[in-house]
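> quick one, what's the 3D model for this:
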Amino acid sequence: MNHLRQIFEDLSDAFPTPEEINNPALAIVQSRPDDVLDLAHEKTHAYHYSHVPQIWGELYTEASIWKAAKLFKTRLPGWETRIVQVLDRALIMTPGIRRNEEIQRILVALDGIVSYSPEGTLDRCEREDETPPVKRRKLGDACDNVASEFTAMHPGFNISTEHKIPVLENPDYETFQKYLDPFQNSQGPIIITNHNAESRAFTHWQNPRYLLSKTLGGRRLVPVEVGRSYTDQDWKPEIIPIGDLIKNYMLRESTPPSQKRVYLAQHDLFGQIPSLKEDVIDPIYCLAPSLYGETLNGTHKVESSYSRDNAHKATTTISLPPLTRNIWLGPSHTVSPLHHDSRNNILVQVFGYKYIRLYPRAHMAFLYPLSTDVNGVDMSNTSRIDLDVVLQSDEIEGTGIGLDVSVGEDPEDVKLARKTLDEEFPEFGKARYVECVLGPGECLFIPQKWWHYVRSLTPSCSVSYWFGEEGDTL
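Next comes the predicted model:
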């Protein structure tokens, strides 16, 4: 408690006086944080998230910090949870803003005060002068009514040889590099097994109790997608406690395909909760800069040992953008529709199983890309083909691999939907594909511009690593 109090006092001491501040809203943020936060919220939501002026993002963050300070000062019942909500919204809405370091300090100090309690209560220091804080209860004592692992039985599908993806067991970097080099004529998806097996995430994250303990008893907020697919009209984004995602969706006995789908998708959870990054070892294959070069101004200097004519080894130096890490966490039946990414991707399956189908970039014309949506957002990296319809109709016809897919209760309705799809997209049948079921500890290399569809078969967590240049070359 004293540590948290000291953090807020330090922030107050370092804050400039109203006379030193040119921004009128910033000048009153200490005394009227609620009003300033309302203003900043209105301004940040007046723009597309990628075009919010920095001044409003910074004001939102500043107001959130002083709102948290006000909550700490009054300490009304539930103040801890309210602080988490206010600060997490700032981290989610304004990532990378300069004051985020102070937000992380507050949240780490708060984690030292409260303990996980599945009943929704928090341990706290009963007296303001109590030092050290109340001892945190052991995880097992507080988690008796929460399952100790997510359900994740192997689905047992048989992928035909024609559609299988090559499997490599823990290849070295030079072997993997051949799959990046267009002059090696080896580009295509590969599954990598037994890589970074010592990563704590593989053993710890499949335990819901552990994830709850790392997120202030599940109180940390996360952005989720609600709906079957981001291409659907009823799809919408929401911000919810991660505990709700885990307990209300991922831990249900059974999750029928038709149930409301909630998915933490493509989120920088490591940036929001840095302690989780300690459990993960980044794949060597997208960390060439740290092994073979040096960091230069936010980009990476990398040495390649393959020449254009492949007649002799040569050394070239290229600059690469920083690695982009994202978390994908949710129950079974969550879907990423058929799309492609502009950078190479290593998808690491932490726990659970996912079905993934991939189409080569050369077959783009057969996949009928979208153009722009009603809001003018470029959707050309997403296909108009609804693979849920394709997969369910295959299951009805007996030509599928046994996937539990539901886009319609009546088989005749599904057959009609497939007939309509084939008529609307007559070239789709020419597209060739590969597929796999990715399991815990496995990595899938997805080359840039390869189209892919992803469906969770069980409660699941993945980490994606986008690396390399955008476009057609590394």
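
> who are the packing partners of the top helix by length along the chain?
The longest helix of the chain (DSSP state H) is helix 54-74. Contact analysis of helix 54-74 by 3 or more CB pairs under 8 Å, 6 or more residues apart in numbering; DSSP states H and E lists helix 2-14, helix 24-27, helix 33-44, helix 79-93, helix 100-111 as its packing neighbours. All C-beta atoms are positioned from the backbone trio N, CA, C, and that covers glycine.

> burial-wise, tell me which of those comes out on top.
The highest average neighbour count among the helices and strands packed on helix 54-74, using mean count of other CB atoms under 10 Å, belongs to helix 79-93 at a mean of 21.

> what sits up against that helix?
Residues from elsewhere that reach helix 79-93 (CB atoms under 8 Å, 6 or more residues apart in numbering): 37, 44, 57, 60-61, 64-65, 67-68, 71-72, 97, 100, 103, 106-107, 110, 113-114, 122, 124, 216, 219-223, 239, 271-272.

> the same query, at a cut-off of 6 Å, please.
When contacts are defined by CB atoms under 6 Å, 6 or more residues apart in numbering, helix 79-93 is touched by residues 61, 64, 67-68, 71, 103, 114, 122, 216, 219-221, 223, 272.

> and what of stretch 237-257?
147, 208, 215, 218-224, 226, 262, 331-333, 406, 459.

> now those: which count as buried?
Buried subset of these (neighbour count, 16 or more other CB atoms under 10 Å): 208, 215, 218-224, 262, 331-333, 406, 459.

> ok, the closest residue to Tyr173 other than its chain neighbours - how many residues close by?
Counting by CB to CB, 6 or more residues apart in numbering, the nearest residue to Tyr173 once its immediate chain neighbours are dropped is Ile284, at 5.7 Å. By the criterion of other CB atoms under 10 Å, Ile284 has 18 neighbours.

> now Ile284: how far from Phe467?
Using CB to CB, to the nearest Å, we find Ile284 at a distance of 11 Å from Phe467.

> need the contact list for the residue lying closest to Tyr433 once chain neighbours are set aside.
Leaving aside its chain neighbours, Tyr433 sits nearest to Tyr359 (4.9 Å; criterion: CB to CB, 6+ apart). Taking CB under 6 Å, 6+ apart as the criterion, Tyr359 is in contact with 431, 433, 451.

> and the spatially closest residue to the first one that is not a sequence neighbour, what is it in contact with?
It refers to Ala431. Spatially, and ignoring its direct neighbours in sequence, Ala431 is nearest to Phe366 (3.9 Å; CB to CB, 6+ apart). Shown in contact with Phe366 (CB under 6 Å, 6+ apart): 427-428, 430-431.

> can you pick the most crowded of the contacts of Tyr359?
Result: Trp451 is most packed of these (other CB under 10 Å), 26 neighbours.

> who is it paired with across the strands?
Beta-bridge pairing of Trp451 under DSSP bridges involves Tyr359.

> which residues does it contact?
Applying CB under 6 Å, 6+ apart to Trp451 gives the contacts 338, 340, 359, 367.

> take these and lay them out in CSV including distance to Asp413, pLDDT and secondary structure.
Below are those laid out as CSV (distance: CB to CB, whole Å; pLDDT from 0 to 100; DSSP: H, G, I helix; E, B strand; the rest coil):
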residue, distance to Asp413, pLDDT, secondary structure
Leu338, 21, 97, strand
His340, 30, 96, coil
Tyr359, 26, 97, strand
Leu367, 24, 97, coil
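
> make TSV out of these and add distance to Glu395.
Shown next, in TSV, are these (distance: CB to CB, whole Å):
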residue	distance to Glu395
Leu338	18
His340	25
Tyr359	20
Leu367	21
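
> out of these, who has the most neighbours?
Result: Leu338 is most packed of the contacts of Trp451 (other CB under 10 Å), 28 neighbours.

> so it sits right up against Ser383, yeah?
Yes - the pair Leu338 / Ser383 is scored as a contact, 3.9 Å apart, by CB atoms under 6 Å.

> show me where pLDDT drops low in the stretch 151-300 of the chain?
The model of the stretch 151-300 of the chain has pLDDT under 70 over residues 181-187, 253-259, 287-300.

> now do the strands in it.
167-169, 190-193, 221-226, 236-241, 262-267, 294-296, 299-304 (DSSP state E, counting those that start in this stretch).

> turn the ones you listed into CSV, including distance to Asp10.
Shown next, in CSV, are the strands of the stretch 151-300 of the chain (distance: least, CB to CB, whole Å):
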stretch, distance to Asp10
strand 167-169, 51
strand 190-193, 46
strand 221-226, 25
strand 236-241, 29
strand 262-267, 30
strand 294-296, 31
strand 299-304, 35
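
> ok, which of those strands comes nearest Phe445?
Taking CB to CB, strand 190-193 is the member of these nearest to Phe445, at 4.9 Å.

> thanks a lot, catch you later.
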